[in-house]
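Provide a 3D model corresponding to the input given below.
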Amino acid sequence: MTIWIILIIIPMLFGLYAQMRVTSAYKKNVRIPSRGRISGREAAAAVMESAGVHDIKIVRVAGQLTDHYDPSKRLLALSEHNYDGTSLAALGVAAHEAGHAIQDKVGYGMMRIRQTLVPATQFSSGASQFLIIAGILLGAKGLGGIFLTIGAVALAVICLFQLVTLPVEFDASRRAKLQLVHLGIIERDEMKGVHETLDAAALTYVAAFVASLGSLLHILMILSGRRD
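I've put the predicted structure just below:
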């Protein structure tokens, strides 16, 4: 029971905390307009332009915090509030996504590794839960053990992807923070809101990795116990 709490419950609670923190930070800073009144779209374009990135299309997408950069489509998508918004949160998120476009242009190694892992991770995400549940239900050894083993491999792929994601996200935020001030998009005393928003978002990636790692270790312990 103690191991289960450590590997499953605590990471789950950490994930909930991280999600609450990013929601709280975003809601707070999306209400604080930047003095320059530059929109998220304009900020993203300026950050990319400063790095010589000219071939990325910036589009508006529905939802909240649905912002992302798609290297395969050469597309930077900003959620409605961040596309048109001039808040500290909107500028931070927009510049962060532009940071990913810059990583793509300069051939940032960890981003390349991450993109290579995408197909395997997508497959693993869909298969891991089914395999693990089937393995637990079948129990004991034999086919159940095979399912659990394959499920553990799928979880390991997910863990690796999330581990590689951490430096990618941290680096994109670092680039965003530097460029927002360097380009005069926001002033230094406004950076607190950007820091709060991006640091809270980064915590969700840490929480996702911790949760997946805990699940993987739990499955490995089950397999180890069944072999004894």
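
Tell me who's in contact with the residue most central in space within the chain.
The residue lying closest to the centre of the chain (CA atoms, centre = their mean) is Y205, at 4.8 Å. Taking CB atoms under 8 Å, 6 or more residues apart in numbering, we find Y205 in contact with 162, 165-166, 169. (C-beta placed from N, C-alpha, C; glycine too.)

swap the cut-off to 6 Å and go again
Contacts for Y205 were tallied using CB atoms under 6 Å, 6 or more residues apart in numbering; they are 165-166, 169.

now those: which count as buried?
In terms of neighbour count (16 or more other CB atoms under 10 Å), the buried residues within these are 165-166, 169.

So which of those residues are in helices?
Using DSSP state H, 165-166, 169 are the members of the buried ones among the contacts of Y205 that sit in helices.

could these go into a markdown table alongside pLDDT?
Below are those laid out as a markdown table (pLDDT from 0 to 100):
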| residue | pLDDT |
| --- | --- |
| T165 | 98 |
| L166 | 98 |
| E169 | 98 |
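
Output these in a markdown table, with distance to I133 appended to each entry.
Formatted as a markdown table, these follow (distance: CB to CB, whole Å):
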| residue | distance to I133 |
| --- | --- |
| T165 | 25 |
| L166 | 28 |
| E169 | 30 |
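
Of those, just say which sits nearest to D199.
Of all those, D199 sits closest to E169, with 10.8 Å by CB to CB.

how near is that closest one to D55?
Separation of E169 from D55 (CB to CB, to the nearest Å) stands at 23 Å.

what's the neighbour count on the closest residue to L138 other than its chain neighbours?
Closest residue in space to L138, ignoring its immediate chain neighbours: G144 at 3.2 Å, by CB to CB, 6 or more residues apart in numbering. Neighbours of G144 under the rule other CB atoms under 10 Å: 17.

list the helices and strands the helix or strand encompassing G144 packs on?
Assigning secondary structure by DSSP states H and E places G144 in helix 143-182. In terms of contacts (3 or more CB pairs under 6 Å, 6 or more residues apart in numbering; DSSP states H and E), helix 143-182 is packed against helix 88-106, helix 109-138, helix 191-227.

hey, which of those is tucked in deepest?
Burial of these is given as mean neighbour count (mean count of other CB atoms under 10 Å); helix 88-106 ranks first at a mean of 26.

Quick check: mean pLDDT of that helix?
Mean pLDDT, helix 88-106: 97.

hang on, L76 in a strand?
Yes. With DSSP: H, G, I helix; E, B strand; the rest coil as the criterion, L76 is part of a strand.

Would you confirm that it contacts D70?
No. Assessed by CB atoms under 6 Å, L76 is found out of contact with D70, at 7.8 Å.

That's all I had, so thanks and see you.
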